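**Q** Here is my input, please return the structure:
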Amino acid sequence: MRKKLEHELSRRERQIMDVIYQRGQGTVGEVLDALPDPPSYSSIRALMGILEDKGLLVHFQQGNRYIYKPTEPRDNAGKQAIKRVLDTFYGGSIENAVAALLDASDSRISEDEIAKIANLIEKARSEGR
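**A** Predicted coordinates:
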């Protein structure tokens with residue numbers, strides 16, 4: 001299923017996927033209600049059909065309405081998105097990406113967060129990554 005996550009998404013498609021991931025599933029009407037400055041109902045329906053064609057959503061029928069849900073867990077989709085950002089903007093360099101995240105952060109990193117990050121790095125090192 002990794003192949004389907006390689007599709008580039010428009011801003012509106014990303015917004016729709018965000019709503020579906022937040023809710024777990026949703027109808028066109030529910031997505032429409034959750035979007036900022038939403039387009040028409042038929043536009044959302046068409047975009048959700050496109051997302052289904054891309055393999056990112058599936059639907060099932062409940063009464064007279066379609067319920068859409070993601071085909072991949074949010075975590076899997078997030079990992080693929082991070083990989084694309086890493087490759088596109090940082091030449092695959094984790095060091096450069098982390099430096100950019102630290103530089104862009106508006107808040108201080110807590111000691112607890114630093115300890116958790118250090119543990120993740122140590123785990124990756126012990127696994128040979």
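**Q** Could you check the pLDDT of the residue nearest the centre of the chain?
**A** With distances taken as CA atoms, centre = their mean, the residue of the chain nearest its centroid is Gly78 (4.6 Å). Residue-level confidence at Gly78 comes out at 81, pLDDT.
**Q** Same question for Arg84.
**A** Residue-level confidence at Arg84 comes out at 83, pLDDT.
**Q** Now do the contacts for Ile50.
**A** Taking CB atoms under 8 Å, 6 or more residues apart in numbering as the definition of contact, the neighbours of Ile50 are Glu13. In this view, the C-beta of every residue, glycine as well, is placed from N, C-alpha and C.
**Q** Name the SS class of it, please.
**A** The three-state label for Ile50, taken from DSSP: H, G, I helix; E, B strand; the rest coil, comes out as helix.
**Q** just to revisit the earlier point, tell me which other helices or strands the one helix or strand the residue nearest to the centre of the chain maps to touches.
**A** When secondary structure is defined using DSSP states H and E, the element that contains Gly78 is helix 74-90. Helices and strands touching helix 74-90, by 3 or more CB pairs under 8 Å, 6 or more residues apart in numbering; DSSP states H and E, are helix 11-23, helix 94-104.
**Q** After the first one, which helix or strand is next? Please name it.
**A** This points to helix 11-23. Secondary structure here is assigned by DSSP H and E; on that basis, the next helix or strand after helix 11-23 toward the C-terminus is helix 28-34.
**Q** got the buried residues for that following helix?
**A** Residues 28, 30-32, 34 are the ones in helix 28-34 that count as buried (16 or more other CB atoms under 10 Å).
**Q** thinking again about what came up before, return the most buried member of the helices and strands packed on helix 74-90.
**A** helix 11-23 (a mean of 16; mean count of other CB atoms under 10 Å).
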